[in-house]
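# Here's my sequence, what's the structure:
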Amino acid sequence: MLNLSDNRVEPDKYTPYFDSLRSIEYKFKPLRKVRTVAIVVVIIIIFLFLPWTQNVRAPGNLTTLYPDQRPQTVQSVIPGRIEKWYVREGELVQPGDTIIRISEIKDEYFDPKLIERTDQQITSKKNSAINYKEKSVALGDQISALENNRINKVEQTENKLIQAELKLISDSIDYEAAKLDYSIAAQRVDRMEELYKQGLKSLTDLESRRLKVQETQAKKISAENKLLTTRNELINAQIELSAIDNEYAEKLGKARSDRNSALSTFYDTEAEISKMENQLSNYQIRKDNYYVTAPQKGYVTKTISQGLGETISGGSEIVSIMPAKYDFAVELYVEPVDLPLMKVGDEARILFDGWPAIVFSGWPQLSNGTFPGKVWAIDNFISPNGKYRIILVPKEDKIGWPDDLRVGSGADGILLLQDVPLWYELWRRLNGFPPDYYTKFGKDKPEIDNMDKKIIR
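Model prediction:
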């Protein structure tokens, strides 16, 4: 301070009289300062060696563990018009409870007796099929009878053919004998004429010989005619045998054609019956679908189709139902760079929207308002948002998840990794290094077999 004023104040003069001046008096005490700095340094060093839990923080939301426990919409299988509502929003429904009743809008289903008339048509078709089946059986019997008749007729004709052949042989012999008799008689007539010219035989003997020649000639002609007749009979028998084959082939072909036509009509009728039975089943199931029922126990959260008389199409969403019983899970989305750090069974701490929390991410045991969890599943394929999804479930712990949670609310997950000293974590972050990738084997890599490689984190 510059002492320029004539009225100067001497500090030492008044200090003993005033406590306030004595309390603010500057006193240089270097030993106390050194001690304070040393204590602070020791505390900082000790603090740096405290354990710090490495972690990965990821946003997500609350969901359910099983797909059938998640919110779902109820659709109408068939198109129709809303006639009546049986539920309201927020109401608890049981499996099979009716939600709405719809009426038909397609003209081919307007007939109130459609099922009965279709059943009658099926009965008529079945009777027709029975008749065609009996006709095919009768034609089969007819074919068997024709085949038996053909065999009998062929055997009969073959017998006639054999008889004609034997008769032809007999007539041929008779004809040859007649020819021989005629030749002998003609020679005897010639000798008789020589003897008659010599006067050795009478005219009566000559005429007798000539008469004998005429008789043998007549027998010869008769035997020849008989032989020709027998040959014609043999030819006729052969022709008749061929005609029998052709005749019965035609009859059997026609009978088989009629039988095949009857069977074809029978099978067509059977196909029509199956088709009509299918239609009948569809009509009956369609009639049951006029009432849309709840698939499981849950709460009606929102009516999507509204009002009466509104027309809905097949597959249209009618209401949204939240199952009454579900198992909570949290789905988190982590960056691809953090995915190798994750494995099934890892521990995590979860912050739920609406639950106040004091979080020390590196000291989860000191955090308040967080809830324990563990990794249940890890997706093998990246999500549309460019991250990988991880499913967390409650850990078997005394501290369970709140009962008032709602599916779809936000959640923030802290995936716990390894415990490291605080100085190491600060050094890692200052250098921009990722968390440790070491496995339970420690920092030394285990030997990796070529056929059974393990992921080293």
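# Spatially, which residue comes closest to residue 303, not counting chain neighbours?
The shortest distance from residue 303 to any residue other than its chain neighbours is 5.2 Å, reached at residue 319 (Cβ to Cβ, 6 or more residues apart in numbering). Where C-beta positions appear, they are placed from N, C-alpha and C, glycine not excepted.
# Surely that neighbour is in contact with residue 299?
No. If you go by Cβ atoms under 8 Å, residue 319 and residue 299 don't touch, sitting 10.3 Å apart.
# Compare the two (neighbour count), which wins?
Neighbour count, other Cβ atoms under 10 Å: between residue 319 and residue 299, residue 319 has more, with 24 against 16.
# Please give the element, helix or strand, for that one.
Element membership of residue 319, judged by DSSP states H and E, is strand 317-323.
# Which elements pack onto that strand?
With contacts taken as 3 or more Cβ pairs under 8 Å, 6 or more residues apart in numbering; DSSP states H and E, strand 317-323 sits against strand 72-75, strand 98-103, strand 298-303.
# Including mean pLDDT, could those strands go into a markdown table?
Shown next, in a markdown table, are the helices and strands packed on strand 317-323 (pLDDT from 0 to 100):
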| stretch | mean pLDDT |
| --- | --- |
| strand 72-75 | 91 |
| strand 98-103 | 92 |
| strand 298-303 | 90 |
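# quick one, which of those is nearest to residue 289?
Distance to residue 289, taken as Cβ to Cβ, is lowest for strand 98-103 among these, at 8.2 Å.
# So for the helix or strand hosting residue 122, mean pLDDT?
Residue 122 belongs to helix 114-198 when assigned by DSSP H and E. Helix 114-198 carries an average pLDDT of 84.
# Now do the top strand by length along the chain and strand 317-323, the angle between them.
Criterion DSSP state E: the longest strand present in the chain is strand 51-64. Interaxial angle, strand 51-64 versus strand 317-323 (axes from the mean of the first three to the mean of the last three Cα atoms, to 10 degrees): 140 degrees.
# give the contact list for the nearest residue to residue 389 once chain neighbours are set aside.
Nearest non-adjacent residue to residue 389, counting by Cβ to Cβ, 6+ apart: residue 379, 4.4 Å away. Listed by Cβ atoms under 8 Å, 6 or more residues apart in numbering, the contact set of residue 379 reads 388-390.
# Below-threshold pLDDT in this protein: ranges please.
Within the chain, the ranges that satisfy pLDDT under 70 run 1-31, 200, 206, 360-363, 365-366, 397-398, 434, 436-457.
# Which of the contacts of residue 379 fall in strands?
Judged by DSSP E, strands contain the following of the contacts of residue 379: 388-390.
# List just the nearest of those residues to residue 266.
The closest of the ones in strands among the contacts of residue 379, once distances to residue 266 are taken by Cβ to Cβ, is residue 389, at 60.0 Å.
# what number of residues lie near the closest one?
Close neighbours of residue 389, defined as other Cβ under 10 Å, add up to 17.
# Quick check, it in contact with residue 381.
No. In this structure, residue 389 is not within contact of residue 381 by Cβ under 8 Å, at 9.0 Å.
# Please determine how far the residue nearest to residue 303 is located from residue 280.
Distance of residue 319 to residue 280, given as Cβ to Cβ, to the nearest Å: 31 Å.
# Excluding residues flanking it in the chain, which one is nearest residue 283?
Once flanking residues are discounted, residue 283 sits nearest to residue 115: 5.2 Å by Cβ to Cβ, 6+ apart.
# pretty sure that neighbour is touching residue 287, no?
Yes. Using Cβ under 8 Å, residue 115 is in contact with residue 287, at 7.1 Å.
# Where do the domain boundaries of this structure fall?
54-69+326-431, 73-91+293-323, 114-288 (automatic domain parsing).
# could those go into JSON lines alongside distance to residue 36?
Listed next are these as JSON lines, based on distance: least, Cβ to Cβ, whole Å:
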{"stretch": "domain 54-69+326-431", "distance to residue 36": "22"}
{"stretch": "domain 73-91+293-323", "distance to residue 36": "62"}
{"stretch": "domain 114-288", "distance to residue 36": "87"}
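# returning to what we had before: out of the contacts of residue 379, who's nearest residue 53?
Nearest to residue 53 out of the contacts of residue 379 is residue 390 (Cβ to Cβ; 17.8 Å).
# Excluding chain neighbours, what is closest to the closest one?
What sits nearest to residue 390 in space, not counting adjacent residues and going by Cβ to Cβ, 6+ apart, is residue 332, at 4.8 Å.
# That neighbour belongs to a helix?
No. Counting by DSSP: H, G, I helix; E, B strand; the rest coil, residue 332 falls outside a helix, being strand.
# check contacts around it.
Each residue near residue 332 by Cβ under 8 Å, 6+ apart is listed here: 58-60, 389-390, 392, 411, 413, 415.
# in the sheet, who's paired with it?
residue 60, residue 390 (DSSP bridges).
# quick one, strands of the stretch 301-450 of the chain?
All strands of the stretch 301-450 of the chain, identified by DSSP state E, counting those that start in this stretch, fall at 311-312, 317-323, 328-334, 347-352, 371-378, 388-394, 410-421.
# For residue 190, find the nearest of these.
Set against residue 190 and scored by Cβ to Cβ, the strands of the stretch 301-450 of the chain come closest in strand 311-312, at 125.2 Å.
# Contacts made by that closest one with the rest, please.
76, 79-82, 102, 105, 305, 318.
# What sits closest to the residue positioned nearest the centre of the chain if chain neighbours are left out?
In the chain, the residue lying closest to the centroid (Cα atoms, centre = their mean) is residue 77, at 19.3 Å. In space, and not counting its chain neighbours, residue 77 is closest to residue 289: 4.8 Å by Cβ to Cβ, 6+ apart.
# What is the burial count for the one you found?
Quick note: residue 289 (other Cβ under 10 Å) scores 15 neighbours.
# ok, so what distance separates it from residue 78?
Computed as Cβ to Cβ, the residue 289 to residue 78 distance reads 5 Å.
# right, so of the strands of the stretch 301-450 of the chain, which gets closest to residue 243?
Across these, residue 243 has its closest neighbour in strand 311-312 (75.1 Å, Cβ to Cβ).
# who are the neighbours in contact with the residue nearest to residue 316 when sequence neighbours are not counted?
Spatial nearest neighbour of residue 316, excluding adjacent residues (Cβ to Cβ, 6+ apart): residue 76 at 5.5 Å. Going by Cβ under 8 Å, 6+ apart, residue 76 touches 102, 289, 292, 312-316, 318.
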